[in-house]
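1. Just a sequence and a predicted model for now, questions to come.
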Amino acid sequence: MQIRLITVGKLKEKWLRDAYAEYEKRLQRYCRLTLTELPESRLPESPAESEIAAALTQEGKAILAACRGKIIALCIEGKLRSSEEFAEMLEQAAVSGDSTVSFVIGSSFGLSDEVKKAADLRFSMSPMTFTHQIARVLLAEQLYRAFQISTGGKYHK
């Protein structure tokens, strides 16, 4: 299975890069994981709504150009799933012929409506809000957990 993480922005803190790298290494035995980091639009300190909308549209075009296969957008209005349901969702994607799944994490302002509309699924990890950097690490951990659940590993208790 090919898992693509399409993210806007880079991981700035070393501890976050290290955490992501650990899960990336663990996932190698279960899938081909690729990461595409897209540049975040530069906005003024207090951007107007029109500036935010223009930035999201620009980022959205780059996101959609990078996506392949089934698109799963991480957004607050997405559906909440347990770790077991998430594992089942990945299993279903694999057996239904969707060997490539693109997970999309937007910038600090979220995702454009175009990306959300193009997504096959909108997914929320929590009703809480996380930075896009922490969301990337959490997603990598949940991907690893999902593969452990599917293969009967001991990681998920």
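-> Okay, I see it.
2. could you point out which element follows the helix or strand of the chain with the lowest mean pLDDT?
-> Every helix and strand of the chain was ranked by mean pLDDT, DSSP states H and E. The lowest is helix 83-95, at a mean of 91. The C-terminal neighbour of helix 83-95 among helices and strands, as given by DSSP states H and E, is strand 100-105.
3. what lines up beside that next one in the sheet?
-> strand 2-8 (parallel), strand 70-80 (parallel) (DSSP bridges).
4. from those, which stretch is densest packed?
-> strand 2-8 (a mean of 22; mean count of other Cβ atoms under 10 Å). C-beta: built from backbone N, CA, C; applies to glycine.
5. Could you figure out how far it is turned away from helix 83-95?
-> Inter-element angle recorded for strand 2-8 and helix 83-95: 120 degrees (by axes from the mean of the first three to the mean of the last three Cα atoms, to 10 degrees).
6. Off-centre distance for strand 2-8?
-> Relative to the centre of its chain, strand 2-8 is centred 6 Å away, using Cα atoms, centre = their mean, to the nearest Å.
7. List phi and psi for Leu20.
-> Careful, residue 20 is Tyr; it's not Leu. phi -60, psi -40 (degrees, to the nearest 10).
8. So it versus Leu138, what's the distance?
-> 10 Å (Cβ to Cβ, to the nearest Å).
9. model confidence over the helix ranked longest in the chain, on average?
-> The residue-count maximum for a helix in the chain (DSSP state H) belongs to helix 132-151. Taken as a whole, helix 132-151 carries a mean pLDDT of 96.
10. my read: Leu143 touches Tyr23, true?
-> Yes. With contact defined as Cβ atoms under 8 Å, Leu143 reaches Tyr23; the gap is 7.1 Å.
11. Who are the contact partners of the nearest residue to Gly153 once chain neighbours are set aside?
-> Leaving aside its sequence neighbours, Gly153 sits nearest to Phe147 (Cβ to Cβ, 6 or more residues apart in numbering; 7.5 Å). Applying Cβ atoms under 8 Å, 6 or more residues apart in numbering, we find Phe147 in contact with 27, 30-31, 87, 90, 153.
12. most neighbours, which of those?
-> Neighbour counts for the contacts of Phe147, by other Cβ atoms under 10 Å, peak at Leu90, which reaches 23 neighbours.
13. Would you confirm that it contacts Gln2?
-> No. With contact defined as Cβ under 8 Å, Leu90 does not reach Gln2; the gap is 11.8 Å.
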